[in-house]
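Colleague: Structure for the following, please:
(chains A and B)
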Amino acid sequence: MIDIRHLSLWYGRSHRVLSDINATIVRWRRVVICGASGSGKSSLLRCINGLERFQEGTVHVNGANIQDPKVDIHRVRAGIGMVFQHFELYPHMTVLENICLSPIYVLKKKRTEAEKKAETLLTQVGLLEKRNSYPAMLSGGQQQRVAIARALAMDPEVMLFDEPTSALDPEMIQEVLDVMIDLARAGMTMVVVTHEMGFARQVADEIIYMDQGRIIEKNDVAQFFDHPQNERTRQFLDRIIR
Amino acid sequence: MDLEVVTRNAGFMLGGLYLTCQLAALAIAGGLAWGTILAVARLSRQCWLSLPAVAYIHFFRGLPLILVIFWLYFLTPVITGQKLNEFAAAALSFVVYEAAYFAEIVRAGIQSVPKGQTMAGLAAGLTAFQLMRHVILPQAVRNMRPSIVTHAVVIFQDTSLAYVIGLREFLRRVNLVDAREARSVELYLFAGLVYFCLCAAGTMAGRYLEYRRFQGEAH
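Modeller: The predicted structure is shown next:
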């Protein structure tokens, strides 16, 4: 469903962030992207929904070339949920309003319908009683769960997670991972940038390891952990799983 | 000191205050609305939007307000063949001129909203307009409330400049009474007191808003 071909991205003239990325994300599969900071993982994720404009290559989402001016990028984005490292809830809106904004204005749903769906999703992430709270009144873990519910409210075909637990206190990481594990079990197509290797082993079908803007290794999860092909991957795993 | 001259003419003078307030309200509301449009245009990536906005803002910020009032009052009839009445000319001048200042306040407000909010809104399928309307501007307005109040107070004082085209607002009326009564000291002290009280009230309202904002962020 997502097809990335020969993708290269520069910041300015000289700083090359991504080099010749090729990857296919198949429907119903969970792909985890890992690698050191600055290896281009987050940039790659932002290229998928057109938040980052790249200079070379193509990204097709369900057959639509996202940098084609004829393609309605808003419509493509509406079908792709995204969760950010720093949650990015709208601070001036309640939890419920946060979740309902895009369904109402992008999907043109009725408010009552959108709110009903939002309440179902909040129940799913265990935060129904917080529906009238403002984001500032929630813990980091709760905010991130709301952010996940907000993305799910659009009925996305795929969810992108950009280091969803990196900004959280350690004791809150698991509650967010649990929500993501549930989502994976429910069959959601997911692309997750994370350093949580335990989570990766548990839910991923495929792992992509990136370094300096290149894909170094792309493999099934078992192969990746037990028989890494590349020397750098081996070093990375040694460092992480100690 | 003959304070009786003030009480005797208070009705007439304060009647001008009504006009002053009307002018200030129009200037603030119109200037803010037009200024917001200019600010959004200025920040646009489309240069056919941003360049004219930048030019407009720099142009009017580089002119004295009094000149703009004269221009609108004396040049409009030349261009359109239709004479603007004093109030319309003054109100229009204020909107056109103050919008340039409000535009810079609003621009700073918009830029104070973290980039991640834009990312989040766009990722959720919002168009640039919806993003501005529902996500960015509400947060920006919150951040810039104190600056808006400060500038509104300045505009209130500046409305007195409308007297140059003969608009009988508050200061003009004080001026007229003085011409009749020849009591400059009492009358202008009174005018000063009125302006001071109203502006102080405005500033205090602004402080209160700022205080409430901090309270709001605390929890």
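
Colleague: how about stretch B:199-208: buried residues?
Modeller: Within stretch B:199-208, the residues that qualify as buried are B:G202, B:G206, counting by 16 or more other Cβ atoms under 10 Å in any protein chain shown. No exception for glycine: its C-beta is placed from N, CA and C like everyone else's.

Colleague: Tell me where the model's unsure across chain A.
Modeller: Segments of chain A classed as low confidence (criterion: pLDDT under 70) are A:241-242.

Colleague: For the residue nearest in space to the middle of chain B, which residues are in contact?
Modeller: Central residue check for chain B by Cα atoms, centre = their mean: the C-alpha nearest the mean position is that of B:I28, 3.6 Å away. Contacts of B:I28 were listed using Cβ atoms under 8 Å, 6 or more residues apart in numbering or on different chains, and they are B:E98, B:A152, B:I155.

Colleague: So which of those is surrounded by the most neighbours?
Modeller: Among those, B:E98 has the most neighbours (other Cβ atoms under 10 Å in any protein chain shown), with 25 neighbours.

Colleague: mind listing what's buried in the helix or strand of chain B with the lowest mean pLDDT?
Modeller: Taking mean pLDDT, DSSP states H and E as the measure, the helix or strand of chain B with the lowest value is helix B:184-218, at a mean of 82. Of the residues in helix B:184-218, those buried by neighbour count under the rule 16+ other Cβ under 10 Å are B:E186, B:L187, B:F190, B:A191, B:V194, B:Y195, B:L198, B:G202, B:G206.

Colleague: Go through the contacts of B:I28 and say which is closest to B:D178.
Modeller: Of all these, the one sitting nearest B:D178 is B:I155; the distance, using Cβ to Cβ, is 24.6 Å.

Colleague: picking that back up, figure out how far the least confident helix or strand of chain B is from the centre of its chain.
Modeller: Taking the mean C-alpha point of helix B:184-218 and that of its whole chain, the gap between them comes to 15 Å (Cα atoms, centre = their mean, to the nearest Å).

Colleague: what's the answer for stretch A:13-28, then?
Modeller: Chain-centre distance of stretch A:13-28: 15 Å, with Cα atoms, centre = their mean.

Colleague: same thing with stretch A:128-136?
Modeller: Here stretch A:128-136 is found 23 Å from its chain centre; the criterion is Cα atoms, centre = their mean.

Colleague: And the contacts of it?
Modeller: Residues from elsewhere that reach stretch A:128-136 (Cβ under 8 Å, 6+ apart): A:87, A:89-96, A:98, A:118-119, A:122, A:137-138, A:142-143, A:146, B:217, B:219.

Colleague: gap between the two ends of it?
Modeller: End-to-end distance of stretch A:128-136 (Cα to Cα, to the nearest Å): 16 Å.

Colleague: Export the contacts of B:I28 as a markdown table, with columns for pLDDT, secondary structure and distance to chain A.
Modeller: Written out in a markdown table, the entries for the contacts of B:I28 read as follows (pLDDT from 0 to 100; DSSP: H, G, I helix; E, B strand; the rest coil; distance: Cβ to the nearest Cβ, whole Å):
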| residue | pLDDT | secondary structure | distance to chain A |
| --- | --- | --- | --- |
| B:E98 | 94 | helix | 26 |
| B:A152 | 92 | helix | 22 |
| B:I155 | 92 | helix | 27 |
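
Colleague: mind listing what's buried in the helix ranked longest in chain B?
Modeller: Selection of the longest helix in chain B by residue count, based on DSSP state H, yields helix B:4-43. Going by neighbour count (16+ other Cβ under 10 Å), the buried part of helix B:4-43 is B:5-6, B:9, B:13, B:16-17, B:19-20, B:23-24, B:26-28, B:30-32, B:34-36, B:38-43.

Colleague: likewise stretch B:69-82?
Modeller: Along stretch B:69-82, the positions that meet the burial threshold by neighbour count (16+ other Cβ under 10 Å) are B:I69, B:L72, B:Y73, B:T76.

Colleague: which one of those is nearest A:C34?
Modeller: For the buried residues of stretch B:69-82, the nearest to A:C34 is B:L72 (63.6 Å; Cβ to Cβ).

Colleague: For chain A, which segments count as helices?
Modeller: In chain A, the segments counted as helices under DSSP H are A:41-48, A:73-78, A:95-105, A:111-124, A:140-152, A:170-185, A:197-203, A:221-226, A:231-240.

Colleague: what's near enough to touch the spatially closest residue to B:L198 that is not a sequence neighbour?
Modeller: Spatial nearest neighbour of B:L198, excluding adjacent residues (Cβ to Cβ, 6 or more residues apart in numbering or on different chains): B:F156 at 6.6 Å. Residues in contact with B:F156, defined by Cβ under 8 Å, 6+ apart, are B:T20, B:A24, B:Y195, B:L198, B:C199, B:G202.
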